[in-house]
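> Just a sequence and a predicted model for now, questions to come.
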Amino acid sequence: HRIDHQLNQMGLKSDLKDLCGPILQVPRAPALPNPFVDLSEQLRKQNDITVAALKSQQTELANARKQIENAFKVELSNAIRQLESYAEIQAYLSTGQRMPPMHGWPISPDFAVLLVQIVESQDFDAVIEFGSGSSTLLIARALANRARRRAEPRKTRHLAFEHLKEYVSSTQDLLDRAELENQVELIFAPLAPFNSMDGNIYSYYACDSSLNELAMEMSSRAETNFLVVVDGPPGPTGPF
């Protein structure tokens, strides 16, 4: 308004309006590109590319590690089978008897050696196994060897509980071939609910009647010494 008033006083309004109009309405110049903004955007894109590449490499490394571990397990398992087979051939050639299996479900060789050492070094009134198999044969053989070496051998009852009929049959076959079938009470004991002291219910061998009978037999003795080998039931049947 002030400009219009001054132009009216000078009588130049009509002449200068068109001239001043374009000046007063000059369009704003376009903003120049900001180099810092462009650099930040480039860095962000590069970071995304780097992170994606690292994630892809981590996945590839994890897959490669898994393949190496699987291959190692296969080779190790094969090596164990070969060593076991060699030992079995040596035992068969020297004694005419086959060795029990020592890989997979059966006990491991180091535990088998420890088990034999314990059985041969102590007098037991009873040996109780939960889960039968290679350990059953080894314990029976160790008890028989110990009895032969002693003038007055101590009678040791050997109970082995098994919840699968096919394993009862395979263990019985091991004992028969070794002529130790009369040394072991191999008992078929299906899994049944067991109420534990912590209030939980687990699946365990239905062995109460056999253990109660054993307890009654041993109750008259002043002292008793038991060996209990817990090697079952397998983990897939339930916790503990």
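Arrived safely. Numbering: from 1, shown residues only.
> And the helices in this protein, which stretches?
Here the chain has its helices, by DSSP state H, at 2-10, 13-24, 35-95, 109-121, 134-149, 165-177, 208-218.
> which residues sit against the fourth one?
The one in question is helix 109-121. 102, 107, 127, 134-135, 138-139, 142-143, 145-146, 227, 229 (Cβ atoms under 8 Å, 6 or more residues apart in numbering). To be clear about C-beta, it is placed using only N, CA and C from the backbone, and glycine gets the same treatment.
> about what we covered before: export the helices of the chain to JSON lines and append columns for distance to G199, mean pLDDT and mean neighbour count.
As requested, the helices of the chain are arranged in JSON lines below (distance: least, Cβ to Cβ, whole Å; pLDDT from 0 to 100; neighbours: other Cβ atoms under 10 Å):
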{"stretch": "helix 2-10", "distance to G199": "95", "mean pLDDT": "68", "mean neighbour count": "11"}
{"stretch": "helix 13-24", "distance to G199": "91", "mean pLDDT": "52", "mean neighbour count": "10"}
{"stretch": "helix 35-95", "distance to G199": "39", "mean pLDDT": "80", "mean neighbour count": "10"}
{"stretch": "helix 109-121", "distance to G199": "32", "mean pLDDT": "88", "mean neighbour count": "15"}
{"stretch": "helix 134-149", "distance to G199": "31", "mean pLDDT": "90", "mean neighbour count": "20"}
{"stretch": "helix 165-177", "distance to G199": "31", "mean pLDDT": "92", "mean neighbour count": "15"}
{"stretch": "helix 208-218", "distance to G199": "19", "mean pLDDT": "94", "mean neighbour count": "13"}
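> ok so, going back, could I get the contacts of helix 109-121 as TSV with distance to L54?
Output for these, formatted as TSV (distance: Cβ to Cβ, whole Å):
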residue	distance to L54
M102	45
I107	45
V127	58
S134	49
S135	50
L138	53
I139	56
A142	58
L143	62
N145	62
R146	63
L227	56
V229	51
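> Just flag the most distant two among these.
M102 and R146 (21.8 Å; Cβ to Cβ).
> from what I can see A178 touches A142, true?
No - assessed by Cβ atoms under 8 Å, A178 is found out of contact with A142, at 11.9 Å.
> Find the residue at the geometric middle of the chain.
The residue lying closest to the centre of the chain (Cα atoms, centre = their mean) is G235, at 10.1 Å.
> Give me the pLDDT for that residue.
Model confidence at G235, expressed as pLDDT, equals 83.
> E185 too?
Value for E185, per-residue pLDDT: 96.
> how close does the closest residue to it other than its chain neighbours get to F226?
Distance criterion Cβ to Cβ, 6 or more residues apart in numbering; nearest residue to E185, sequence neighbours excluded, is L159 at 4.8 Å. Counting by Cβ to Cβ, to the nearest Å, the gap from L159 to F226 is 10 Å.
> between those two, which one's more packed in?
Counted by other Cβ atoms under 10 Å, L159 and F226 do not tie: L159 has more neighbours, with 22 against 13.
> so what's the more buried one bridging to?
I128, E185 (DSSP bridges).
> Distance of it relative to D231?
Taken as Cβ to Cβ, the span from L159 to D231 is 13 Å.
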